[in-house]
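Student: my questions concern the predicted model and sequence given below.
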Amino acid sequence: MSMEAGADAIMEGTPLIKPSTTEHPLYDQVVEACRTVHDPEIPVNIYDLGLIYTIEISDENEVEIIMTLTAPGCPVAGEMPGWVAEAVEPLPGVKTVNVQLVWEPQWGMDMMSDEARLELGFM
């Protein structure tokens, strides 16, 4: 595939962030578990900060989470995916959890929920 064809494929609407399986019965519980994890430097949970990009749950209840951090130099970069996995693994019905850390697309303040913006005084 030429570079131009690749660029066209991206522009045709391949989402930068893979969609979550929101219709899965475990989805809401996984979201709530993610909300128990906080960035130590910011008093808001990582879900409302917009750090959880994708929650994908297979028919076998295998949970794949794609997340990012506010900055690559975040002091807990190595630990945060583990915290997320530890929060989700104990949920009844969850078979496995795999948390992947990505830097693309880069996190931005526009990814925060209204609740997070309010909490941090941005609204």
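Tutor: It's in.
Student: may I have the beta-bridge partners of the residue nearest the centre of the chain?
Tutor: In the chain, the residue lying closest to the centroid (CA atoms, centre = their mean) is Ile52, at 1.4 Å. Following DSSP bridges, Ile52 is listed with bridge partners Met67.
Student: so what's it up against?
Tutor: Residues in contact with Ile52 (CB atoms under 8 Å, 6 or more residues apart in numbering) are 31, 34, 46, 65-67, 84. Yep, even glycine has a C-beta here, placed from its N, CA and C like the rest.
Student: ok, Met111 next?
Tutor: Met111 is in contact with 49-51, counting by CB under 8 Å, 6+ apart.
Student: for the contacts of Ile52, which one is nearest Gly93?
Tutor: Gly93 has its nearest neighbour among those in Val31, at 14.4 Å by CB to CB.
Student: count of residues packed around the closest one?
Tutor: Using other CB atoms under 10 Å, Val31 is surrounded by 15 other residues.
Student: pLDDT score for Ile66?
Tutor: At Ile66, the pLDDT value in this model is 97.
Student: ditto for Trp83
Tutor: At Trp83, pLDDT is 96.
Student: that one contacts Cys34, doesn't it?
Tutor: No: the criterion here is CB atoms under 8 Å, and Trp83 misses it with Cys34 at 9.7 Å.
Student: counting neighbours, go ahead and name the busier of those two.
Tutor: Neighbours around Trp83 and Cys34, counted as other CB under 10 Å, are more numerous at Cys34. The numbers are 22 against 18.
Student: and that one, what's its pLDDT?
Tutor: So Cys34 comes in at 97 (pLDDT).
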